[in-house]
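*Asks:* how does the following fold in three dimensions:
(chains A and B)
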Amino acid sequence: MIYRESGQFKKSYAADQAILPLRQDQVFLIGALLVAFLVIPMVASNYVMNALLLPFLIYALAAIGLNLLVGYCGQISLGTGGFMAVGAFAAWNLATRTELPMPVVFLLAGLITAGTGVLFGLPALRIKGFYLAVTTLAAQFFLIWLLQRPWFNNYSPTGVISAPEVNMFGWVVDSVTDRYYLALIILVVMALLAKNIVRSSTGRKWMAIRDMDVAAEIIGIRPMATKLKAFAVSSFFVGIAGVLWGFLYLGQLEAEAFNIYVSFDVLFMIIIGGLGSILGSILGAAFVVLVPIFLNVVPSAIGLPLSTAMISYVEIFIFGSLIIFFLIVEPHGMARLWSIIKQKLRLWPFPY
Amino acid sequence: MMFFFEVLIGGLMSGIMYALVALGFVLIFKASGVFNFAQAAMVLFAAMFIAGMHGDWGVPYWMAIPITILLMLGLAWIIERVVLRQLVNQEPIIMFMATIGIFFAIIGFAEIIWGSRSRTLDIGIPDQPLFIGDMLFQQYDIVTAIAVAVLVVLLLIFSQRTRMGRVLRAVADDHQAAQSVGIKLNTVWVVVWFVAGIVAVVAGIVWGGALGVQPVMVDVAFKALPVLLLGGLTSIPGAIIAGLIIGSGEALAEVYLGPIIGGGIDNWFAYIIAMAFMVWRPEGLFGEKIIERI
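*Replies:* Residues are numbered from 1 along each chain as shown, chains lettered A, B, ... in the order given. Next up, the predicted model:
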């Protein structure tokens, strides 16, 4: 009885076009943002912020980026880790070799990643489906190899470099809370941006290409420009996520930290969360970040005497099984579950 | 010049090993349209069980290998029951993700039983350097090549000359048509995954013998994928020929190109070969021509 659109009239085109037309949804979103901005920094310990919330926010950003490409434009990519690395290393080199202010560094790093994305997106014009997915592994392996060349870490003897100080318009992002806020602000802004891109003509073209590219071409959508645009925008998001991952979360940069399993993790997020859904990317990121921590804590909490090695094996096994379980229960992801819940709520207490 | 040929032959031999893993992918993709990422995990699973049973329990190899083959049958049956049957008619990307789930589940399961320490697997394949004329060969490579040739011939006989093979080809052509003439898809999938499992056992023995059995073995998947692309996702001979091309190309590049642009290029070189080739021919060397209709 609470969640219902009756009595809410749209009196302008702007109101009709709103992202969240229902007042209840708006209240919910504002509530969620208030919790994220005010309540969580007060109650969460440093450990939770650093080990849980920060990776969640950054992964969510990467997942949104990948979802634009896979979920909206239908081009499967397994190169996310490589693109994140490009973003991180571009930002590091720009920050240490030039005097550019940090916001510009972030932006340029994103743009450099976008350029790289376009380069590796070029085969998508000829290659489709799984062939393309495997081709994007070329990006993953080649980029990681390239970034391990000494020039990119400025001939550091260990190959590991530490992130520079992040100074955003005079705000020195240093403490865990600061880093949390920066990641959160960037995520919120970019999620809003993504939501609006997919509602625009660009987003509709992507979806047309995804659903059937030959048909889309016939109705006048240029496949080349559209696909490359998807690669560019997606890589921009992923690149920014890479910068945040290196500068805010790891603190130390190393190309190996962005290996193929990072790409798989991000892909899991969007599949489990829901392909073609911005909210789904965020839910999926929460799931993939939480599950390993959960699996790590539970055996000791219920008193199972397992060695650390055994826990990590069981963790791998359960993680795999959970993915299968989720796909069987709801192949369209958590976003679909969310919309089913909303649909039921609207009719409640009646069955239909 | 002699050195060139030695590198070339070494590359060809490792190419055969890549092809062995790629074969498993091809079998499953052909028959069910599933891009089975778990093939590499099946290789590891087989190798770990053979090496583990022999090393920890003292089971002789002639018993450990048949037991493992039976296990692969069980695995195929479980995968069909628990995963494939539930996901019938889902989009290919969902199936692909499910196989990544299977990949992790199999690795986790094998590690729960056998741990992650490195083991040796030596079923007595001779491994001596051998000179034919002036050229240096490894006996191990020659035995492997023969074993792979036998396996491919058996697979071709199976798919072209037996009733089950005909059924598999029918399913590969058109699921619905096959079903409508009375072919049980569920049985077919168990058979296909089982055959891929047997290929995985062979691959596990060969790879395990060459490199030792340990969890990083699953990285052979990333070696096999470009082979798969270059050969075409649906062609058994394609997998072998592409394996040879990529193996030799990679070895030559590492020796002649490596010093110029820096070492470790074997991680990505194969992908670049495959990618460059596919821009010219998107379905790979022997893949079925993709015809698009609206």
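*Asks:* what ranges do the helices span in the stretch 1-150 of chain B?
*Replies:* B:2-32, B:39-57, B:61-78, B:92-114, B:139-161 (DSSP state H, counting those that start in this stretch).
*Asks:* ah, wrong one, I meant the stretch 151-294 of chain B
*Replies:* Under DSSP H, counting those that start in this stretch, the stretch 151-294 of chain B gives helices at B:163-173, B:175-180, B:185-211, B:220-231, B:236-252, B:258-261, B:266-280.
*Asks:* what mean pLDDT does the last one have?
*Replies:* Predicted confidence along helix B:266-280 averages 81 (mean pLDDT).
*Asks:* between it and helix B:236-252, how big is the angle?
*Replies:* Orientation check (axes from the mean of the first three to the mean of the last three Cα atoms, to 10 degrees): helix B:266-280 against helix B:236-252 gives 130 degrees.
*Asks:* helix B:266-280 near chain A at all?
*Replies:* Yes: using Cβ under 8 Å from any Cβ of the partner chain, helix B:266-280 reaches chain A at B:267, B:268, B:271, B:272, B:274, B:275, B:278, B:279. For glycine as for every other residue, the C-beta is placed from the backbone atoms N, C-alpha and C.
*Asks:* can I get those residues in JSON lines including neighbour count?
*Replies:* Compiled in JSON lines, these are given as follows (neighbours: other Cβ atoms under 10 Å in any protein chain shown):
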{"residue": "B:267", "neighbour count": "16"}
{"residue": "B:268", "neighbour count": "24"}
{"residue": "B:271", "neighbour count": "25"}
{"residue": "B:272", "neighbour count": "17"}
{"residue": "B:274", "neighbour count": "28"}
{"residue": "B:275", "neighbour count": "26"}
{"residue": "B:278", "neighbour count": "24"}
{"residue": "B:279", "neighbour count": "14"}
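*Asks:* kindly reformat these as CSV containing distance to residue A:58.
*Replies:* Output for the residues of helix B:266-280 next to chain A, formatted as CSV (distance: Cβ to Cβ, whole Å):
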residue, distance to residue A:58
B:267, 26
B:268, 26
B:271, 27
B:272, 30
B:274, 32
B:275, 29
B:278, 33
B:279, 33
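*Asks:* between the helices of the stretch 151-294 of chain B, which gets the lowest average pLDDT?
*Replies:* The weakest mean pLDDT among these belongs to helix B:258-261, with a mean of 74.
*Asks:* what about it, distance to the chain center?
*Replies:* Here helix B:258-261 shows a centroid-to-chain-centroid distance of 30 Å under the convention Cα atoms, centre = their mean, to the nearest Å.
*Asks:* what of stretch A:210-222?
*Replies:* With Cα atoms, centre = their mean as the basis, stretch A:210-222 stands 27 Å off its chain's centre.
*Asks:* can that stretch be said to contact chain B?
*Replies:* Yes: for stretch A:210-222, a contact with chain B is found by Cβ under 8 Å from any Cβ, at A:212, A:214, A:215, A:218.
*Asks:* quick check: the gap between the third one and residue A:110.
*Replies:* So the one you mean is residue A:215. 32 Å (Cβ to Cβ, to the nearest Å).
*Asks:* more neighbours: which of those two?
*Replies:* Each of residue A:215 and residue A:110 has its neighbours counted (other Cβ atoms under 10 Å in any protein chain shown); residue A:110 has more, 26 against 14.
*Asks:* can you tell me the helix or strand for the more buried one?
*Replies:* According to DSSP states H and E, residue A:110 maps onto helix A:102-121.
*Asks:* for that helix, name the packing helices and strands.
*Replies:* Applying 3 or more Cβ pairs under 8 Å, 6 or more residues apart in numbering or on different chains; DSSP states H and E, we find helix A:102-121 packed against helix A:80-97, helix A:129-147, strand A:166-168, helix A:223-244.
*Asks:* list the contacts for residue 251?
*Replies:* Because you didn't say which chain, this covers chain A. Residue A:251 makes contacts with A:162, A:163, as judged by Cβ atoms under 8 Å, 6 or more residues apart in numbering or on different chains.
*Asks:* not what I meant, chain B
*Replies:* Counting by Cβ under 8 Å, 6+ apart, residue B:251 has contacts B:7, B:8, B:10, B:11, B:14.
*Asks:* could you pull out the strands for chain A?
*Replies:* Under the criterion DSSP state E, strands of chain A are mapped to A:161-162, A:166-168, A:171-173, A:252-253.
*Asks:* save those as CSV, and put in mean pLDDT too.
*Replies:* Formatted as CSV, the strands of chain A follow (pLDDT from 0 to 100):
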stretch, mean pLDDT
strand A:161-162, 80
strand A:166-168, 75
strand A:171-173, 77
strand A:252-253, 82
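*Asks:* kindly reformat the ones you listed as JSON lines containing mean neighbour count and distance to residue A:308.
*Replies:* Below are the strands of chain A laid out as JSON lines (neighbours: other Cβ atoms under 10 Å in any protein chain shown; distance: least, Cβ to Cβ, whole Å):
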{"stretch": "strand A:161-162", "mean neighbour count": "15", "distance to residue A:308": "28"}
{"stretch": "strand A:166-168", "mean neighbour count": "18", "distance to residue A:308": "34"}
{"stretch": "strand A:171-173", "mean neighbour count": "14", "distance to residue A:308": "34"}
{"stretch": "strand A:252-253", "mean neighbour count": "18", "distance to residue A:308": "24"}
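*Asks:* would you list those strands in TSV and tack on distance to residue B:170?
*Replies:* TSV is the format used below for the strands of chain A (distance: least, Cβ to Cβ, whole Å):
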stretch	distance to residue B:170
strand A:161-162	57
strand A:166-168	61
strand A:171-173	62
strand A:252-253	54
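*Asks:* of these, which is nearest residue A:195?
*Replies:* Nearest to residue A:195, of all the strands of chain A, is strand A:166-168, at 23.4 Å by Cβ to Cβ.
*Asks:* partners of that closest one, with directions?
*Replies:* strand A:171-173 (antiparallel) (DSSP bridges).
*Asks:* name the residues that touch the strand it pairs with?
*Replies:* A:165, A:166, A:167, A:178, A:179, A:181, A:182, A:248.
*Asks:* filter those down to the buried ones and hand me the ChimeraX line.
*Replies:* In ChimeraX, this line selects whichever of the contacts of strand A:171-173 come out buried by 16 or more other Cβ atoms under 10 Å in any protein chain shown:
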select /A:166,178,179,181,182,248
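*Asks:* quick one: which two of the contacts of strand A:171-173 are the most distant?
*Replies:* A:165 and A:181 (15.9 Å).
*Asks:* mind checking how far residue A:244 is from chain B?
*Replies:* 25 Å (Cβ to the nearest Cβ, to the nearest Å).
*Asks:* give me the neighbour count for that residue.
*Replies:* For residue A:244, using other Cβ under 10 Å, the count is 29.
*Asks:* quick one: residues contacting it.
*Replies:* A:57, A:58, A:61, A:182, A:183, A:186.
*Asks:* redo the residues you listed as TSV? Include pLDDT.
*Replies:* Below are the contacts of residue A:244 laid out as TSV (pLDDT from 0 to 100):
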residue	pLDDT
A:57	92
A:58	93
A:61	94
A:182	90
A:183	91
A:186	92
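*Asks:* and the closest residue in space to residue A:231 that isn't next to it in sequence, what pLDDT?
*Replies:* Nearest residue to residue A:231, sequence neighbours excluded (Cβ to Cβ, 6 or more residues apart in numbering or on different chains): residue A:121, at 3.1 Å. Per-residue pLDDT puts residue A:121 at 87.
*Asks:* check residue A:201 too.
*Replies:* Looking at residue A:201, the pLDDT reads 92.
*Asks:* just name the most buried of the helices of the stretch 1-150 of chain B.
*Replies:* Among the helices of the stretch 1-150 of chain B, helix B:39-57 has the highest mean neighbour count (mean count of other Cβ atoms under 10 Å in any protein chain shown), at a mean of 25.
*Asks:* that one to helix B:92-114, inter-axis angle?
*Replies:* Using the same axes, to 10 degrees: helix B:39-57 against helix B:92-114 is 10 degrees.
*Asks:* could you find the closest non-adjacent residue to residue A:91?
*Replies:* Nearest to residue A:91 is residue A:109, by Cβ to Cβ, 6+ apart, at 3.8 Å.
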